[in-house]
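Visitor: sequence unknown, structure follows:
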């Protein structure tokens, strides 16, 4: 059995997330249909993880297995010619038959983009926070550092999450404030449903309201989604990279 790995970019604005759903357009479904058109075969496309409605990707990873031996360059060009403009496959490679895009991932990273100016070009891909320069940026970084390491993220995941183990390890997390834009980066071994957006929204709200480190720690201790603040909107969030 031949196994192929894809690296994918997509604009999530017009999709109900990555994972196939009934009566809703999804990225996974679009790619599966395109592959079926080329190979005349219904493949099982395995993503590294889900992204929610409206969330984008710069480096989503996926794999599928097929009896066909693909001519990779030809397949790559054919696939991109069929996919809508909002989805692009940036790389195709043959991998070991045992490779699994989800289970073999060592970490995943996301970025969240904030715009400090009103921009028609970044409206679809960032959160507009015109007063950001009034925030205490050093405090924001101190509060963010609390998230590093292994924690129970029950308070930062959706209530309806079916995952029993809510512990995740944050390997790296930081902010960069440059010019008109602010970048939030977070990398972990895994993420719970809605976790990155809830962390982002909670941190921004904490600094805006002058909260301290004890406030963030109390949210962790509560193990209750209602203890954290409203999640940041999806348009500023990008799945950045999956490491194997």
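Guide: Everything's here; your move. Quick caveat: nothing in here was measured; it's all calculated off a predicted structure. Numbering: from 1, shown residues only.

Visitor: Which residue ranges of this structure form strands?
Guide: 2-10, 46-47, 56-66, 87-95, 107-115, 127-128, 149-152, 167-178, 181-188, 237-243 (DSSP state E).

Visitor: Kindly reformat those strands as JSON lines containing distance to residue 220, mean pLDDT and mean neighbour count.
Guide: Bear in mind the C-beta positions are built from the backbone N, C-alpha and C, glycine included. Shown next, in JSON lines, are these (distance: least, Cβ to Cβ, whole Å; pLDDT from 0 to 100; neighbours: other Cβ atoms under 10 Å):
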{"stretch": "strand 2-10", "distance to residue 220": "32", "mean pLDDT": "98", "mean neighbour count": "20"}
{"stretch": "strand 46-47", "distance to residue 220": "29", "mean pLDDT": "98", "mean neighbour count": "20"}
{"stretch": "strand 56-66", "distance to residue 220": "28", "mean pLDDT": "98", "mean neighbour count": "21"}
{"stretch": "strand 87-95", "distance to residue 220": "37", "mean pLDDT": "98", "mean neighbour count": "16"}
{"stretch": "strand 107-115", "distance to residue 220": "20", "mean pLDDT": "98", "mean neighbour count": "21"}
{"stretch": "strand 127-128", "distance to residue 220": "24", "mean pLDDT": "97", "mean neighbour count": "20"}
{"stretch": "strand 149-152", "distance to residue 220": "6", "mean pLDDT": "97", "mean neighbour count": "13"}
{"stretch": "strand 167-178", "distance to residue 220": "11", "mean pLDDT": "97", "mean neighbour count": "15"}
{"stretch": "strand 181-188", "distance to residue 220": "15", "mean pLDDT": "98", "mean neighbour count": "20"}
{"stretch": "strand 237-243", "distance to residue 220": "22", "mean pLDDT": "98", "mean neighbour count": "22"}
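
Visitor: With residue 19 as the reference, name the closest of the ones you listed.
Guide: strand 46-47 (7.3 Å; Cβ to Cβ).

Visitor: Which strands and helices lie in contact with that closest one?
Guide: Contacts defined by 3 or more Cβ pairs under 8 Å, 6 or more residues apart in numbering; DSSP states H and E place strand 46-47 against strand 56-66.

Visitor: Dump the strands of the chain to a markdown table, plus distance to residue 142.
Guide: Formatted as a markdown table, these follow (distance: least, Cβ to Cβ, whole Å):
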| stretch | distance to residue 142 |
| --- | --- |
| strand 2-10 | 33 |
| strand 46-47 | 35 |
| strand 56-66 | 28 |
| strand 87-95 | 36 |
| strand 107-115 | 18 |
| strand 127-128 | 21 |
| strand 149-152 | 15 |
| strand 167-178 | 11 |
| strand 181-188 | 15 |
| strand 237-243 | 23 |
